[in-house]
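> my questions are about this predicted structure, shown below with the sequence.
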Amino acid sequence: MANCPKCNNRLPFLKAGLLSRVRNRVECRSCNTILEADTSLSSISGLIGGLGGALVIWNKEIFGNQSLSLIMAIATSVVLIIVAMLIQNRFIKLKIVENKDH
Ligand SMILES: [Zn+2]
């Protein structure tokens, strides 16, 4: 799990999992420290998320031309996005940017 490097408080899953190159900062609610994510990891999870998007676009080519192919593609992409968030949440590196207390 993603923990605050200062106070070791666990960060909310959705906040840590959705950190990206565009929005790579999160505030620790426990000690009010602004944390910045290592963006090299978010590109990996972005890749997995992109794979999920590709599944939806090319669902007929991947799952075959059947009525359930789109539903299967969406379900698979949702699973992939959750997996990407779990990976990011588990391995993300956070560094302290600033502390609002000072
Ligand atoms: Zn903290």
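Perfect, thanks for sending it. Nothing here was measured: the structure is a model prediction, and the numbers come from that model. Residues are numbered from 1 along each chain as shown.

> please make it C-alpha for all contacts and neighbour counts, starting now.
Noted.

> got a pLDDT number for D101?
We have a pLDDT of 60 for D101.

> beyond the worst-scoring helix or strand of the chain on mean pLDDT, next helix or strand please.
In the chain, no helix or strand scores lower on mean pLDDT, DSSP states H and E than helix 39-57, which sits at a mean of 80. Per DSSP states H and E, helix 39-57 leads on to helix 59-63 as the next helix or strand towards the C-terminus.

> what packs against that next one?
helix 69-91 (3 or more CA pairs under 8 Å, 6 or more residues apart in numbering; DSSP states H and E).

> tilt between the helix it packs on and helix 39-57?
In terms of direction (axes from the mean of the first three to the mean of the last three CA atoms, to 10 degrees), helix 69-91 departs from helix 39-57 by 170 degrees.

> centre of the chain versus helix 69-91, how much separation?
Remark: helix 69-91 is offset 10 Å from the chain centroid, using CA atoms, centre = their mean, to the nearest Å.

> contact partners of the least confident helix or strand of the chain?
19-21, 24, 62, 70, 73-74, 76-78, 80-81, 84-85, 87-88, 91-92 (CA atoms under 8 Å, 6 or more residues apart in numbering).

> again, 6 Å this time
20-21, 73-74, 77, 80-81, 84 (CA atoms under 6 Å, 6 or more residues apart in numbering).

> try stretch 1-11
89-90.

> now do 8 Å
Residues contacting stretch 1-11 (CA under 8 Å, 6+ apart): 13, 16, 28, 30-31, 33, 35, 89-96.
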